[in-house]
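Asks: return a 3D structure for these sequence lines:
(chains A, B, C and D)
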Amino acid sequence: DYTVAFFAIMGSFIVLYIAIPLIVIFLKQASDWGMLVKTLHDELVIKALKNSLLTATATALISLLFGVPLGYVLARKDFKGKSLVQAIVDVPIVIPHSVVGIMLLVTFSSAILDSYAGIIAAMLFVSAPFAINAARDGFLAVDEELEHVARTLGASRLRAFFSIALPMAFPAIASGAIMTWARAISEVGAILIVAYYPKTAQVLVMEYFNNYGLRASRPISVILIGMSLTIFVVLR
Amino acid sequence: DYTVAFFAIMGSFIVLYIAIPLIVIFLKQASDWGMLVKTLHDELVIKALKNSLLTATATALISLLFGVPLGYVLARKDFKGKSLVQAIVDVPIVIPHSVVGIMLLVTFSSAILDSYAGIIAAMLFVSAPFAINAARDGFLAVDEELEHVARTLGASRLRAFFSIALPMAFPAIASGAIMTWARAISEVGAILIVAYYPKTAQVLVMEYFNNYGLRASRPISVILIGMSLTIFVVLR
Amino acid sequence: MLEVKSISKDWKEFKLREITFGVKAGEYFIILGPSGAGKTVLLEIITGILEPDSGKVILDGKDVTGWPPERRSLAYIPQNYALFPHMSVYDNIAFGLKLRRLPKEEIKRKVRDIAEVLGIDHLLHRKPKTLSGGESQRVAIARALVIEPKLLLLDEPFANLDVQTRARLIGEMKRWRKELGFTALHVTHSFEEAVSLGDRVGVMLSGRLVQVGSIREVFSRPANEEVARFLGFENIIEGFAKGRKLRTNGLEIELPVEVHGKVRVGLRPEDIILSLEPIRTSARNEFKATVEAVEELGPLVRVRLRARGLELSAFITRSSMLEIGIGKGKEVYVSFKASALHVF
Amino acid sequence: MLEVKSISKDWKEFKLREITFGVKAGEYFIILGPSGAGKTVLLEIITGILEPDSGKVILDGKDVTGWPPERRSLAYIPQNYALFPHMSVYDNIAFGLKLRRLPKEEIKRKVRDIAEVLGIDHLLHRKPKTLSGGESQRVAIARALVIEPKLLLLDEPFANLDVQTRARLIGEMKRWRKELGFTALHVTHSFEEAVSLGDRVGVMLSGRLVQVGSIREVFSRPANEEVARFLGFENIIEGFAKGRKLRTNGLEIELPVEVHGKVRVGLRPEDIILSLEPIRTSARNEFKATVEAVEELGPLVRVRLRARGLELSAFITRSSMLEIGIGKGKEVYVSFKASALHVF
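Replies: Model (predicted):
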């Protein structure tokens, strides 16, 4: 079937375009083992990685704390302005990252400038939609009838939520949390503006590149890719 | 119902956290009208906006050119390694943006450094998944039976694609293209590494912030937000 | 024990209108109606999942209309059983008891007791998705009955089961009722369940409770044409009666009783006999008719006929259709006994 | 004109096995089988949408097995009609003609002609989603016939229509066939369509074409027990015959013909009569039996009975069920004529 073959060839260009840089960076790094080992002993890198993991984890937890209740309300209730709320939740996806940083600084100014709070604020803005939408979809997939039955058996609404809805939506919420975490740790543009310090690994990649060139920034990149891909495999 | 009310309150925090910076930046800018007008006459800004629009549009078109055939193959054919291809397509979402820049430079080096090609390369890597997945979902929603019938009526596979599948999947593909465009124009981290020049508006926001402070970078931000929200409203 | 007083509710495409009835303690009450009549909405109002637009639900003399479901001491078994998929069968059944903070030993004893009565004691460690339809339904009943509810509400409990399981469960339901002595409100579209289980029956049609009584009462004396149609009187003939003769559409029909004036009579399609030759006997009404359409219903065929101005619908078996060679346009003889007519 | 030669294909849950049959020019051939028999898979192999694992499709003497659908000059109407939703009715019908690069005027003329024959000329500017089921089906037929295909393939064409529309379309199909003279291969589970339209019928059961012949032939002489069951002989009784007597499960049954040795006889459930009192006449077989289960099928009820070791299934109407008061465990008399038995 020539048509499908032609389409497959066209499509494989873009698949290769994504796959090749991933392979190349690992291969090149493999031939430069010493640099990778040296990087793993660089205190600055270790500190930055810790900062990244810490802030991304905090962001994911905060997203869950507020996103899960919001997701439940969006899944279970119809209310006036629901579509507006849903639209607001989806807005962060389309705003340029540097602009997100400016918006947050304009709004919260020195409260977030160059602090852990700033990093988390930037990450939260761009990644919270993933947690909210995953929770909403997770709760939508739980038959409301189950909660109804739990209530006729004597459970309050809150009890029915914790014993029925939450455990059943847990896998969806967990995978949403992982996506939130991955989106948070991938953010650069907004963090550069809001909180260059304390330095995160993704910012450090950029700094090493600017100061010492490609060879110096490559090992941190490989470590971050390794982490991201691990997350990604867990998710699937 | 106290539980739902409590959940709604918790949820409204995160909704407000996203909505308030949007409102605040517009309000603050409204009280600083002169700066906005001045910015709109700044040649650097105009040039950067043009660069952003140009590269994002080129990225969206390239994504369509390769992503639509790939989406069709993913929707219609089962083949060995299909899930691997699907996984590769989704990888860019989880990789830190600065690392994307490093990966691309490591792979393509001077071919993309500080050029339009570099901007587009960075944008394409992070935004192509949106086009591919939208096309795939669009084609999945077209009943394959329609193409079968078209073929029994005398259409070749290619003809059936162009007269049945493509026009029917068009709305999904168009909204995917818009998402691709929005994701492309929102990218900062990868572009900062691959191609600081020619300067795009999202990079210029950062440069003005670093060089002249918040007040100088705010008007460009407002313009970019305006553009993003317009896109967003069109999409819905 | 349960009183429902002029409940009205608009919910999605359902419109309940002024529904009033009562269930006595120990009674098994069946609400019989076609799908789409709003039976589930009514049950959900009684459980407290939905609030009525107007009307009252009274349980043991207390007005519970505004109460949340968890305070009503009912148990509800929805049509899909709604077993908690993330809990074992044991935990499903124990759910209501744990909420009541009973001591662990007592919970264990109660769960084992009810599981034994329902014949599911060997399933207690299993997860719901590994159960068959019949087993799931037993677990749902156990989970509901173990909390000793004032009233058990069942929504089409046997609709999704295969025939054998269904027949067995209907039989056992009678036994459980004797053994455990609960009060039940059961909604269904199945005449079989109504006949087998119901002490009393309420017929519900498009949001209204049209007739309440014993199944025999309802079936032999339908309150109106609508109920009659639902009970299978597909042919409703209107005309002027004079003694035992009914004139309608240019035909004269013999009635089973003497009446005068404008009347309506009902006739079941299965009571009409079709033949190629006239088979006149003294007891029969017989006319020549033309076949207008033929409609397959599994092993049965519905034949739509026209005799002069009168439209009739008759059931015959698929084999008779082929033997007589019935098809659109065919002329046949239609006959039925006067005693098959039901005068409203 | 179409020859299908030992086609086999495993596709999803369907398994076609060695299917062989032919359709003559001008013939209306019906493939009759229950859903899940693999009828659609067979049609898709003939159209070229699917490739068979083995076997050949021969059209007008040419082996087209490997050809793509567009070269076969067939027209295919799938069960959901598959109208192109983004085109007007006119463009739907004209689709095949445009592909053939006919002059615009000729396309216009041909579309108008076929639309007139099918009674859809007033719909040409409409979009498919605004059409009723019957209108959609007419458009699908027009789109298929306008290209004057060698063979028209129809997959359950009337299955999704309401009864009136269905009856009307079956009637008109006969007329269109006379007017346009096409050859058709029509798959269906409906006996009505087979009787009304088929010149010849093939019975397809679980992936095999079991019997081919006229509907009367197939119905009066089922090739085997499987076909008999499909045609409604739910009761298959096995035993030893000696002349006109069949001994089985401790019972003695009178046969319509003389046979000797081990035989099987078929009996339709609708030919069994149930009563509370014996109604012995010379022509009847009569036994006492116990009701094992009752199963509602719309207006009809299937009663499963056991007479000694013999299990029987009988149809009665819902009203008789209520009148006789039939329920599980009840003892009744079962009778049937010797002539209702079909000896295989």
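
Asks: so whichever helix in chain A runs longest, near chain B or not?
Replies: As assigned by DSSP state H, the longest helix anywhere in chain A is helix A:43-76. Yes. Residues of helix A:43-76 contacting chain B under C-beta under 8 Å from any C-beta of the partner chain: A:63, A:65-67, A:69-74, A:76. (Glycine included, C-beta is placed from N, CA and C.)

Asks: so which residues of chain A form helices?
Replies: With DSSP H as the criterion, chain A has helices at A:2-30, A:33-40, A:43-76, A:82-90, A:97-108, A:116-140, A:144-152, A:157-160, A:166-186, A:189-194, A:201-212, A:214-235.

Asks: export the ones you listed to JSON lines and tack on mean neighbour count and distance to chain D?
Replies: Output for the helices of chain A, formatted as JSON lines (neighbours: other C-beta atoms under 10 Å in any protein chain shown; distance: least, C-beta to the nearest C-beta, whole Å):
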{"stretch": "helix A:2-30", "mean neighbour count": "16", "distance to chain D": "11"}
{"stretch": "helix A:33-40", "mean neighbour count": "13", "distance to chain D": "50"}
{"stretch": "helix A:43-76", "mean neighbour count": "21", "distance to chain D": "30"}
{"stretch": "helix A:82-90", "mean neighbour count": "16", "distance to chain D": "25"}
{"stretch": "helix A:97-108", "mean neighbour count": "26", "distance to chain D": "38"}
{"stretch": "helix A:116-140", "mean neighbour count": "25", "distance to chain D": "27"}
{"stretch": "helix A:144-152", "mean neighbour count": "23", "distance to chain D": "26"}
{"stretch": "helix A:157-160", "mean neighbour count": "18", "distance to chain D": "36"}
{"stretch": "helix A:166-186", "mean neighbour count": "21", "distance to chain D": "28"}
{"stretch": "helix A:189-194", "mean neighbour count": "28", "distance to chain D": "40"}
{"stretch": "helix A:201-212", "mean neighbour count": "21", "distance to chain D": "45"}
{"stretch": "helix A:214-235", "mean neighbour count": "19", "distance to chain D": "30"}
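
Asks: now render those as JSON lines, adding mean pLDDT.
Replies: Shown next, in JSON lines, are the helices of chain A (pLDDT from 0 to 100):
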{"stretch": "helix A:2-30", "mean pLDDT": "94"}
{"stretch": "helix A:33-40", "mean pLDDT": "90"}
{"stretch": "helix A:43-76", "mean pLDDT": "96"}
{"stretch": "helix A:82-90", "mean pLDDT": "93"}
{"stretch": "helix A:97-108", "mean pLDDT": "95"}
{"stretch": "helix A:116-140", "mean pLDDT": "96"}
{"stretch": "helix A:144-152", "mean pLDDT": "95"}
{"stretch": "helix A:157-160", "mean pLDDT": "94"}
{"stretch": "helix A:166-186", "mean pLDDT": "94"}
{"stretch": "helix A:189-194", "mean pLDDT": "94"}
{"stretch": "helix A:201-212", "mean pLDDT": "94"}
{"stretch": "helix A:214-235", "mean pLDDT": "90"}
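
Asks: and the host helix or strand of residue C:237, is it in reach of chain D?
Replies: Assigned by DSSP states H and E, residue C:237 falls within strand C:235-248. No. Residues of strand C:235-248 are not located near chain D by C-beta under 8 Å from any C-beta, the shortest gap being 12.6 Å.

Asks: now for the very next helix or strand once past that strand, which elements pack on it?
Replies: Using DSSP H and E, the next helix or strand after strand C:235-248 towards the C-terminus is strand C:251-267. Under the contact criterion of 3 or more C-beta pairs under 8 Å, 6 or more residues apart in numbering or on different chains; DSSP states H and E, strand C:251-267 touches helix C:225-230, strand C:235-248, strand C:284-297, strand C:342-343.

Asks: nearest to residue D:29, out of those?
Replies: When the helices and strands packed on strand C:251-267 are compared by C-beta to C-beta, strand C:284-297 sits nearest residue D:29, at 20.4 Å.

Asks: quick one: strands adjacent to the closest one?
Replies: Applying DSSP bridges, strand C:284-297 is found paired with strand C:300-307 (antiparallel), strand C:331-337 (antiparallel).

Asks: format those as a markdown table; extra columns: distance to residue B:178.
Replies: Shown next, in a markdown table, are the strands paired with strand C:284-297 (distance: least, C-beta to C-beta, whole Å):
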| stretch | distance to residue B:178 |
| --- | --- |
| strand C:300-307 | 54 |
| strand C:331-337 | 65 |
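
Asks: tell me the most buried of those strands?
Replies: Here the criterion is mean neighbour count by mean count of other C-beta atoms under 10 Å in any protein chain shown, and of the strands paired with strand C:284-297 the winner is strand C:300-307, at a mean of 21.

Asks: and that one, how far from the chain's centre?
Replies: How far strand C:300-307 lies from its chain's middle: 25 Å, per C-alpha atoms, centre = their mean, to the nearest Å.

Asks: got a list of contacts for it?
Replies: For strand C:300-307, contacts defined as C-beta atoms under 8 Å, 6 or more residues apart in numbering or on different chains pick out C:249, C:251, C:269, C:274, C:287-296, C:311-318, C:320-321, C:326, C:332, C:334, D:163, D:192, D:297-300, D:315.

Asks: look through chain A and state the residue closest to chain D.
Replies: Using C-beta to the nearest C-beta, the single residue of chain A nearest to chain D is residue A:1, 8.3 Å away.

Asks: against residue A:56, how distant is the residue most central in space within chain A?
Replies: Closest residue to the average C-alpha location of chain A: residue A:183 at 2.1 Å, with C-alpha atoms, centre = their mean. Look at residue A:183 and residue A:56: by C-beta to C-beta, to the nearest Å, they are 9 Å apart.

Asks: mutual contacts of the two, please.
Replies: Common neighbours of residue A:183 and residue A:56, using C-beta under 8 Å, 6+ apart, are residue A:123.

Asks: check the gap between residue A:91 and residue A:126 for me.
Replies: Residue A:91 is 11 Å from residue A:126, by C-beta to C-beta.

Asks: which neighbours do those two have in common?
Replies: Shared contacts of residue A:91 and residue A:126, defined by C-beta under 8 Å, 6+ apart, are absent.

Asks: rewinding a little: can you redo the strands paired with strand C:284-297 as TSV with mean pLDDT and distance to residue B:16?
Replies: Putting the strands paired with strand C:284-297 into TSV (pLDDT from 0 to 100; distance: least, C-beta to C-beta, whole Å) gives the following:
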stretch	mean pLDDT	distance to residue B:16
strand C:300-307	88	62
strand C:331-337	88	74
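
Asks: report whether the helix or strand hosting residue C:321 contacts chain D.
Replies: Element membership for residue C:321 (DSSP H and E) is helix C:318-324. Yes. Counting by C-beta under 8 Å from any C-beta, chain D is contacted by helix C:318-324 at C:318-322.
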